[in-house]
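**Q** the sequence and its predicted three-dimensional model are supplied below.
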Amino acid sequence: MSFRLRDLAYLALATLAAGLGYLFFRAIYFAGEPAPFAQEMVLVFLGAVATIYLTAVLLNRQTELELRKEGRVIVLERKSEIYMACIEKVAKIVEVEHHEPHLIDELRVLNHKLAVVGSEHVVEAFEEVLGRLQAGFADGRLSGREGERVMAALADLTAAMREDILAEVGLGETAATLSAIRRNAARMEALDDLGEAPAPGRGGG
């Protein structure tokens, strides 16, 4: 909104300056009517002034757009870093399985960072992850099933993060892609369970 008001102010000033300039140069032009050379010099000067003005306006606009673009790139990079850190920290907590105060403290800091840069859907999905972590650690340790619930919520968080980042760069997201992300997360958990299963023929006895 502030940019629009500033642009309107610039436009009003430019219109006023153009009107006053026109009247000034018109007076000079007709004052030099007895001397054609003087009129030609006025026209040359007027053309130079118009060229300088248009060049300055275009450069100012280009600089403004570049600054906006650089600002968006910086914000997007920072957002991506925080998103990745959240995913890695939650995965680390699930891997450790028991309550580690320093990991929880690091996750607390990431929660505050996420509150600054995260979209509404990302914050809501992260709330679900925290809720499942809290429920899992009620007895002081994450069971395998509780860890899978946390990772399922983390898959939803990842999908929300992906959707937010793609929206920042002007790309859309499809429901099929989000469903595939969730299915891949579930299959990774199933694959992990296969590794924990006892090998055939190696049972007790």
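**A** Arrived safely.

**Q** name the element the spatially most central residue of the chain belongs to?
**A** Nearest to the geometric centre of the chain sits residue 76, at 3.7 Å (Cα atoms, centre = their mean). Using DSSP states H and E, residue 76 sits in helix 36-96.

**Q** ok, and the closest non-adjacent residue to the residue nearest to the centre of the chain?
**A** Closest residue to residue 76 apart from its sequence neighbours, by Cβ to Cβ, 6 or more residues apart in numbering: residue 168 at 5.2 Å. (Glycine included, C-beta is placed from N, CA and C.)

**Q** what residues are up against the one you found?
**A** 72, 76, 79 (Cβ atoms under 8 Å, 6 or more residues apart in numbering).

**Q** now for residue 113: which residues touch it?
**A** So residue 113 contacts 82, 85 (Cβ under 8 Å, 6+ apart).

**Q** centre of the chain to the host helix or strand of it, how far?
**A** Using DSSP H and E, residue 113 maps to helix 101-117. In terms of Cα atoms, centre = their mean, to the nearest Å, the centre of helix 101-117 is set 19 Å apart from its chain centre.

**Q** so after that helix, what's the next helix or strand?
**A** Past helix 101-117, the next helix or strand by DSSP H and E is helix 120-136.

**Q** touching that following helix from outside, list them.
**A** With contact meaning Cβ under 8 Å, 6+ apart, helix 120-136 is reached by 83, 86, 90, 93, 111, 114-115, 118, 142-143, 146-147, 149-150, 153-154, 156-157, 159-161, 163-164.

**Q** output it as PDB, nothing but the C-alphas.
**A** Only the C-alpha atoms of helix 120-136 are listed here, as PDB (Å, rounded to 0.1, in the frame of the first residue of the first chain):
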ATOM      1  CA  GLU A 120      -0.600 -20.600   8.300                       C
ATOM      2  CA  HIS A 121      -0.700 -24.200   7.100                       C
ATOM      3  CA  VAL A 122       2.900 -24.900   8.100                       C
ATOM      4  CA  VAL A 123       2.400 -23.500  11.600                       C
ATOM      5  CA  GLU A 124      -0.800 -25.700  12.000                       C
ATOM      6  CA  ALA A 125       1.000 -28.800  10.700                       C
ATOM      7  CA  PHE A 126       3.900 -28.200  13.100                       C
ATOM      8  CA  GLU A 127       1.400 -27.900  15.900                       C
ATOM      9  CA  GLU A 128       0.300 -31.400  15.100                       C
ATOM     10  CA  VAL A 129       3.900 -32.700  15.100                       C
ATOM     11  CA  LEU A 130       4.400 -31.100  18.600                       C
ATOM     12  CA  GLY A 131       1.200 -32.600  19.800                       C
ATOM     13  CA  ARG A 132       2.200 -36.100  18.800                       C
ATOM     14  CA  LEU A 133       5.700 -35.600  20.300                       C
ATOM     15  CA  GLN A 134       4.100 -34.500  23.600                       C
ATOM     16  CA  ALA A 135       1.800 -37.500  23.600                       C
ATOM     17  CA  GLY A 136       4.600 -39.900  22.800                       C
END
